[in-house]
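>>> Sequence first, predicted coordinates after that:
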Amino acid sequence: MNRAVAMGAESIMDLSSFGDTRVFRRRLTAECPAIIGTVPIYDAVVYYHKALKEITTEEWLDIVRMHAEDGVDFMTITAASTGQRQSALRNRRLTNIVSRGGSIIFAWMEMTGKENPFYEHFDDILEICREYDVTLSLGDACRPGCLKDASDISQIEELVTLGELTRRAWEKDVQVIIEGPGHMPLNQIEPICGSRRRSAREPRFMFWDRW
């Protein structure tokens with residue numbers, strides 16, 4: 001961390017998934033002058049020391065609050081992927097799910113039969129972020145892992161949901177980063193990323209009038 005900051009890093013992502021992650025995270029936020037981000041989904045599997053299917057909805061939310069309490073500046077959550085998209089991904093894609101956080105939460109939904117807790121309780125997460133001034137990095141679990149899967153229905157549906165979640169976050173004064181968009185052929189870059197001027201209140205990842 002110190003070497004990265006000395007070389008000019010302004011933001012550092014802590015993806016720790018082994019050992020006493022909370023002790024390390026608290027030391028990192030206390031000593032690091034750079035912006036610190038984390039992925040609570042990664043940490044939950046280690047922190048609770050139990051099988052994935054035994055983690056409860058409440059515990060997923062508790063780990064988000066824990067990271068906020070520990071002083072992180074932003075955190076990545078996979079909130080736009082719902083149980084409804086599981087079969088679509090499995091049946092239509094060549095590379096299925098390439099997102100680590102996405103694969104974890106999809107597996108949990110399949111094992112438990114429950115909805116994505118980050119989507120179902122998104123308003124609760126926004127309250128935590130607003131209380132602790134944490135920026136949300138909305139992960140794109142359905143991003144394509146190869147050119148063949150680029151811009152398929154799973155990706156587009158998730159992007160639409162990401163836009164909806166972004167507007168909900170803005171209404172609660174929570175800042176948002178949107179991840180994406182994954183692998184794509186060159187001729188799809190402009191339609192996906194957009195080229196026209198946009199207002200400050202538009203999601204920055206896609207313009208739906210292009211579709």
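In hand now; what should we look at?
>>> Residue nearest the middle of the protein, spatially speaking?
Centroid-nearest residue in the chain, with CA atoms, centre = their mean: Gly139, separated by 2.5 Å.
>>> For the chain, give me the ranges with low pLDDT.
Residue ranges of the chain with pLDDT under 70: 84-91, 192-211.
>>> was I right about the residue nearest to the centre of the chain contacting Thr78?
Yes - the criterion here is CB atoms under 8 Å, and Gly139 meets it with Thr78 at 4.3 Å. C-betas here are computed from N, CA, C, even on glycine.
>>> list residues touching both of the two?
Ser99, Gly101, Gly102 (CB atoms under 8 Å, 6 or more residues apart in numbering).
>>> Go through those and single out the one with the most neighbours.
Gly102 (24 neighbours; other CB atoms under 10 Å).
>>> Identify the residues contacting the strand or helix carrying Glu127?
Using DSSP states H and E, Glu127 falls within helix 122-132. Residues from elsewhere that reach helix 122-132, judged by CB under 8 Å, 6+ apart: 61, 64-65, 68-69, 77, 79, 118, 134-136, 165, 168-169, 172-174.
>>> Need the buried ones from those selected in PyMOL.
Buried subset of these, written as a PyMOL selection, criterion 16 or more other CB atoms under 10 Å:
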select buried, resi 61+64+65+68+77+79+118+134+135+136+165+169+174
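>>> now, which of the contacts of helix 122-132 lie within helices?
Secondary structure assignment by DSSP state H places Leu61, Val64, Arg65, Ala68, Glu69, Phe118, Leu165, Arg168, Ala169 of these in helices.
>>> Now for the first one: which residues touch it?
The reference is to Leu61. Leu61 touches Pro117, His121, Asp124, Ile125, Ile128, counting by CB under 8 Å, 6+ apart.
>>> is it true that Ala79 touches Asn116?
Yes - proximity of Ala79 to Asn116 meets the contact threshold set by CB under 8 Å, at 6.9 Å.
>>> And the helices in this protein?
Under DSSP H, the chain gives helices at 2-6, 21-31, 40-47, 57-69, 86-92, 100-112, 117-120, 122-132, 153-171, 189-193.
>>> State the distance from Ala141 to Thr56.
According to CB to CB, to the nearest Å, Ala141 and Thr56 sit 20 Å apart.
>>> So for the two, which sits in the more crowded spot?
Neighbour count, other CB under 10 Å: between Ala141 and Thr56, Ala141 has more, with 27 against 12.
>>> so what's the more buried one up against?
Contacts for Ala141 (CB under 8 Å, 6+ apart) come out as Thr78, Ala80, Ser81, Ile97, Ser99, Gly101, Gly102, Ser103, Ile105, Phe106, Glu158.
>>> Relative to Ile105, how far out is it?
When Ala141 is compared with Ile105 (using CB to CB), they lie 7 Å apart.
>>> any residues in contact with both of those two?
Thr78, Ser81.
>>> wait, isn't Leu147 in contact with Pro185?
Yes - when contacts are counted by CB under 8 Å, Leu147 is listed as touching Pro185 (5.3 Å).
>>> who has more neighbours, those two?
Leu147 (14 against 10).
>>> Who are the contact partners of the more buried one?
Leu147 neighbours (CB under 8 Å, 6+ apart): His183, Met184, Pro185.
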